[in-house]
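Asker: got a predicted structure here, sequence first:
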Protein chains: 4
Amino acid sequence: MKTEIIERKKVKMKDGVLITGLPGIGLIGQVVGRYLVEELKAKKVANLYSHHFPHQVFMTKKGAMRLIKNTIYEYRDGKTEMLILTGDVQAMSSIGQYEVAESMLEYAKKCGVSRIMTVGGYSTGKISEERRIFAVATHKELLPGFKKFGVVFGEAKGSIVGIAGMLPAIGKIRGFKGICLMGETHGGYVDTAAARNIVKLLSEYFGIPIDLKRIDQRAKESEKMLKKIEEEIQKSMVTPYEVPKGVSYIR
Amino acid sequence: MKTEIIERKKVKMKDGVLITGLPGIGLIGQVVGRYLVEELKAKKVANLYSHHFPHQVFMTKKGAMRLIKNTIYEYRDGKTEMLILTGDVQAMSSIGQYEVAESMLEYAKKCGVSRIMTVGGYSTGKISEERRIFAVATHKELLPGFKKFGVVFGEAKGSIVGIAGMLPAIGKIRGFKGICLMGETHGGYVDTAAARNIVKLLSEYFGIPIDLKRIDQRAKESEKMLKKIEEEIQKSMVTPYEVPKGVSYIR
Amino acid sequence: MKTEIIERKKVKMKDGVLITGLPGIGLIGQVVGRYLVEELKAKKVANLYSHHFPHQVFMTKKGAMRLIKNTIYEYRDGKTEMLILTGDVQAMSSIGQYEVAESMLEYAKKCGVSRIMTVGGYSTGKISEERRIFAVATHKELLPGFKKFGVVFGEAKGSIVGIAGMLPAIGKIRGFKGICLMGETHGGYVDTAAARNIVKLLSEYFGIPIDLKRIDQRAKESEKMLKKIEEEIQKSMVTPYEVPKGVSYIR
Amino acid sequence: MKTEIIERKKVKMKDGVLITGLPGIGLIGQVVGRYLVEELKAKKVANLYSHHFPHQVFMTKKGAMRLIKNTIYEYRDGKTEMLILTGDVQAMSSIGQYEVAESMLEYAKKCGVSRIMTVGGYSTGKISEERRIFAVATHKELLPGFKKFGVVFGEAKGSIVGIAGMLPAIGKIRGFKGICLMGETHGGYVDTAAARNIVKLLSEYFGIPIDLKRIDQRAKESEKMLKKIEEEIQKSMVTPYEVPKGVSYIR
């Protein structure tokens, strides 16, 4: 096994979009990916395994077992053709990141995907009220379509580490258009509120009604918890968990 | 040399089972593997070498030398066709674990093996009187056959690290059925008593009489030693050797 | 993606020279490479990507993104045919260094390059007034042409680590002639003055007038800063930043 | 470049022997290898380069440069056909050790080599007066020929790490006969006296007169130095440099 995508069902799209939500800063990508799959009732079409993932097998409550993996889902309606990539893990090494990204792009091309949207977090080290959505894109023409929903370009600085950067950046070389959407977040917590904003953005961007009730509920709860933590911090003036500030690691 | 299986004798089975016992938690796998080979007088049929093993050569008492390796044995009686994989070591990296597992599965398929049973330890951090056998399986239909001998499904949590997980989990993708048997154990000691229980289980499951005298003897001795250690611990209330608790690393 | 050179424009030279300026000691290579590209208005002809580079993507001020890379530029006048290699980064591992060097040599051969000149720093741990240029070459006949401009052979000791050594040394095996030019430098600072001397040398060696005004200006500024630092050090007699002394790591 | 052996001269032997002396414990292998090459006036026949060696280039006093490498020499007289492998370095990883060993074996087979003798050190952590030569071999029939010169079999314990073990042990799988000769040594010092004993052994074993004057001289000097160190140690009863005791790491 190198990196291997095992298909359950062949996918054929005319002008598909690939959305990825994998573990990274604030777990924003993973939360968005899973919520989309659940709410859109997307269908599983393939599993991605890789020798660049840990040599680890998960045990389930019912006494079953499964290899660590990424999973690809399909969603279609009258106007949108969408692949969603979620999963347990990202490749562990730099070589692995390149290999998995190339495998995924090859598969996406075969399926008829032409655009890539990755979701990650942009760590600020601050607990922000605003939770803006920052983005960088491979082609200028992509910007207006996102700016009108409030997405901020040109403010995020530094570099993106991991699949959220690799897929659109290598994708550009392979003939795709791509954008990386980054939820503004502290970086030291799972940030459901930031994830919620990106789900809302995608719902509006694609014109697909996605019910935000469940994620709103979870976001409020985690918000309350963060508030408490923030107050504790301001009392003690000590950061509870050290996060790189002002940089934009996504992985 | 990549990963290379060098055959001494071609093996042809109709519906073989592969049992693996390699070094891991509590050395349970290795103890079981070696005991089976000895008691069943299994015949060596192949050596497995890999560049993912350490670059190490063992010196023997008689002035000989041999490369670090895994060894494959064959046991047959009227109704059971069995391969047993034992050895010095597991592959050292994640990439190595995937490569060795795939090589072993390819070889097993060629030999006519359809089922894989791996043996490992499930570390609890406690010295248990019970020493149950936990398991996870790739297919539901495998459960009843083991449950009737007291094997516990659905209680072990977390993830399995190493060949004991890799072989059945990748095996499932390659068309095998598989189960991973885990002896409940402290994790910080070689646990012959836990190994003994798994040997007994396999003897009953396959209906092959295996003499337990020698392993019973050894288990009693190590049991006594553990009792002493336990008493010491309870006196001092300090763990003598730190083990991850509540997780299920097998490697 | 392994290591991949993507051409924008085919290059055909009769007897080309490849000059490399990549990050290393004192950033001398990178400063020289970039200054040459700017002043000679060299044209971009290819990008070099590699899975041995970090899995990192840079965000630009305008909201664009690009994969980490090296870039190859072309400069030609009536008598000189030159490729200039600059970039963000060197390969991270030993295997990566060999692979990137071989890819680059293969590309250079295809373009008609026969000579390789790499630029690096030679770290002394001292802030030198002189800032000599040390060099080692693959063929004796290369020495006189550089000696007449004051380049010092046979004084730099030890080993060269990184692309500045790999390219000419592997290049020799592949039929190239090569030289590694090393600016004498402290090693703990970006040394624009040392870089300036190498730019001047290359200008004289090739008989290409290169305006040194801008780099002179920058060198003076960094010189002043170093003077201050030096005075501080002599006051306190403590090295502000530890550098290996008397060795010649270039990477 | 993977691992590459570049021949200067084709070698054709009927029943050649390969002797290897590379850096390892006490530098015994390297000292023996180089002394043989010098005294036997062996001729360079090939260079071995590898991406598993460090990405390092050596600078010479005359302003030349060369890639880090191993070198293969040939010695022939009426009755002995010998290849000698020496060099700067061993492969840095386990995968590299396997790859370099296999490349070397393939080359040796092509040259007509059938026997492999590697030279290393066996670290005892003690400064021994005796400096015996320990050995392990791949085939029993090799033992008597060495025993009659005092070589001790069956006493060295544990494992051999590095090329001195890899070459004969993998060699056995590839159809060679092999032996690993280990000079008894402290492990923390370059041990010329131990190397001298192995040179003497090889001279006697092959019936090739090798002048020991120069190595005797050097051995005496290093011996004196060790004596002094030993006295210092016994005064202070503290080991000056920690070495693994009772094991037999050779690399």
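Answerer: The structure has been received and is ready for your questions.

Asker: going by C-alpha atoms from here, please, whenever you check contacts or count neighbours.
Answerer: Will do.

Asker: and the closest residue to A:Val151 other than its chain neighbours, what pLDDT?
Answerer: Setting aside the residues directly before and after it, A:Val151 is nearest to A:Ile133 in space (C-alpha to C-alpha, 6 or more residues apart in numbering or on different chains), at 5.2 Å. At A:Ile133, the predicted lDDT confidence score is 97.

Asker: enumerate the beta-bridge partners assigned to A:Ile133.
Answerer: Judged by DSSP bridges, the bridge partners of A:Ile133 are A:Gly183.

Asker: gap between it and A:Lys147?
Answerer: 10 Å (C-alpha to C-alpha, to the nearest Å).

Asker: swap in A:Gly171?
Answerer: According to C-alpha to C-alpha, A:Gly171 and A:Lys147 sit 22 Å apart.

Asker: over to A:Lys126?
Answerer: 24 Å.

Asker: those two: who's more crowded?
Answerer: A:Lys126 (16 against 13; other C-alpha atoms under 10 Å in any protein chain shown).

Asker: show me the residues around the closest residue to that one other than its chain neighbours that make contact.
Answerer: Excluding its sequence neighbours, the residue lying closest to A:Lys126 (C-alpha to C-alpha, 6+ apart) is A:His186, at 4.9 Å. Listed by C-alpha atoms under 8 Å, 6 or more residues apart in numbering or on different chains, the contact partners of A:His186 are A:Gly26, A:Tyr122, A:Ser123, A:Thr124, A:Gly125, A:Lys126, A:Ile127, A:Ser128, A:Val243.

Asker: and those residues, which two are the farthest apart?
Answerer: Pairwise distances across the contacts of A:His186 peak at 14.3 Å for A:Ser128 and A:Val243 (criterion: C-alpha to C-alpha).

Asker: show me which of the two is the more surrounded one.
Answerer: The residue with more neighbours, out of A:Ser128 and A:Val243, is A:Val243; 16 against 12, by other C-alpha under 10 Å.

Asker: tell me where chain A has helices.
Answerer: A:28-39, A:94-111, A:143-147, A:163-173, A:192-206, A:213-236 (DSSP state H).

Asker: what's the fourth one in contact with?
Answerer: In this case it means helix A:163-173. Residues from elsewhere that reach helix A:163-173 (C-alpha under 8 Å, 6+ apart): A:20, A:22, A:90, A:97-98, A:101-102, A:105, A:116-120, A:137-138, A:176-180, A:250-251, C:55-57, C:65-67.

Asker: that older thread, let me have the helices of chain A in TSV, adding mean pLDDT as columns.
Answerer: What follows is the helices of chain A, written out as TSV (pLDDT from 0 to 100):
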stretch	mean pLDDT
helix A:28-39	97
helix A:94-111	98
helix A:143-147	97
helix A:163-173	98
helix A:192-206	96
helix A:213-236	83
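
Asker: could you pull up phi and psi at the residue of chain A found nearest chain B?
Answerer: Of all residues in chain A, A:Gly63 sits closest to chain B, at 4.0 Å by C-alpha to the nearest C-alpha. Per-residue torsions, A:Gly63: phi 80, psi 20 (degrees, to the nearest 10).

Asker: can you tell me if stretch A:89-103 touches chain B.
Answerer: No - Stretch A:89-103 is not in contact with chain B by C-alpha under 8 Å from any C-alpha of the partner chain; minimum separation 9.5 Å.

Asker: just give me how far that stretch sits from the chain centre.
Answerer: 15 Å (C-alpha atoms, centre = their mean, to the nearest Å).

Asker: list the buried residues in it.
Answerer: A:90-91, A:93-103 (16 or more other C-alpha atoms under 10 Å in any protein chain shown).

Asker: and whatever residue of chain A ends up closest to chain C, how many neighbours?
Answerer: Nearest residue of chain A to chain C, counting by C-alpha to the nearest C-alpha: A:Gly154, 4.0 Å away. With neighbours defined by other C-alpha under 10 Å, the count for A:Gly154 comes to 15.

Asker: ok, it - contacts?
Answerer: A:Ala135, A:Val136, C:Met59, C:Thr60, C:Lys61, C:Lys62, C:Gly63, C:Ala64.

Asker: contact residues of chain A facing chain D?
Answerer: Residues of chain A lying near chain D (C-alpha under 8 Å from any C-alpha): none found.

Asker: show me what the strand ranked longest in chain A packs onto, helices and strands only.
Answerer: Taking DSSP state E as the criterion, chain A has its longest strand at strand A:113-123. If you count contacts as 3 or more C-alpha pairs under 8 Å, 6 or more residues apart in numbering or on different chains; DSSP states H and E, strand A:113-123 packs onto strand A:16-21, helix A:28-39, helix A:163-173, strand A:177-185.

Asker: tell me what angle that strand forms with helix A:192-206.
Answerer: Computed with axes from the mean of the first three to the mean of the last three C-alpha atoms, to 10 degrees, the direction of strand A:113-123 lies at 150 degrees from that of helix A:192-206.

Asker: so what strands line up beside strand A:113-123?
Answerer: By DSSP bridges, strand A:113-123 pairs with strand A:16-21 (parallel), strand A:177-185 (parallel).

Asker: what angle sits between that strand and helix A:94-111?
Answerer: Using the same axes, to 10 degrees: strand A:113-123 against helix A:94-111 is 140 degrees.

Asker: mean confidence for strand A:113-123?
Answerer: On average, strand A:113-123 scores 97.

Asker: now stretch A:157-169, how far from the centre of its chain.
Answerer: That offset, for stretch A:157-169, works out to 11 Å (C-alpha atoms, centre = their mean).

Asker: next one: stretch A:74-94
Answerer: With C-alpha atoms, centre = their mean, you get 9 Å for stretch A:74-94.

Asker: residues near the closest residue to A:Ala101 other than its chain neighbours, how many?
Answerer: Spatial nearest neighbour of A:Ala101, excluding adjacent residues (C-alpha to C-alpha, 6+ apart): A:Leu167 at 5.5 Å. Here the number of neighbours of A:Leu167 (other C-alpha under 10 Å) works out to 28.

Asker: how about A:Lys227?
Answerer: Neighbour count of A:Lys227, defined by other C-alpha under 10 Å: 13.

Asker: and A:Lys213, by the same measure?
Answerer: 10.

Asker: any idea how far A:Val119 is from it?
Answerer: Relative to A:Val119, A:Lys213 is positioned 20 Å away (C-alpha to C-alpha).

Asker: list of residues touching stretch A:10-20?
Answerer: A:29, A:33, A:45, A:80-86, A:108, A:110-119, A:164.

Asker: show the buried residues in those.
Answerer: Neighbour-count burial (16+ other C-alpha under 10 Å) applied to those gives A:29, A:33, A:45, A:81-86, A:108, A:111-119, A:164.
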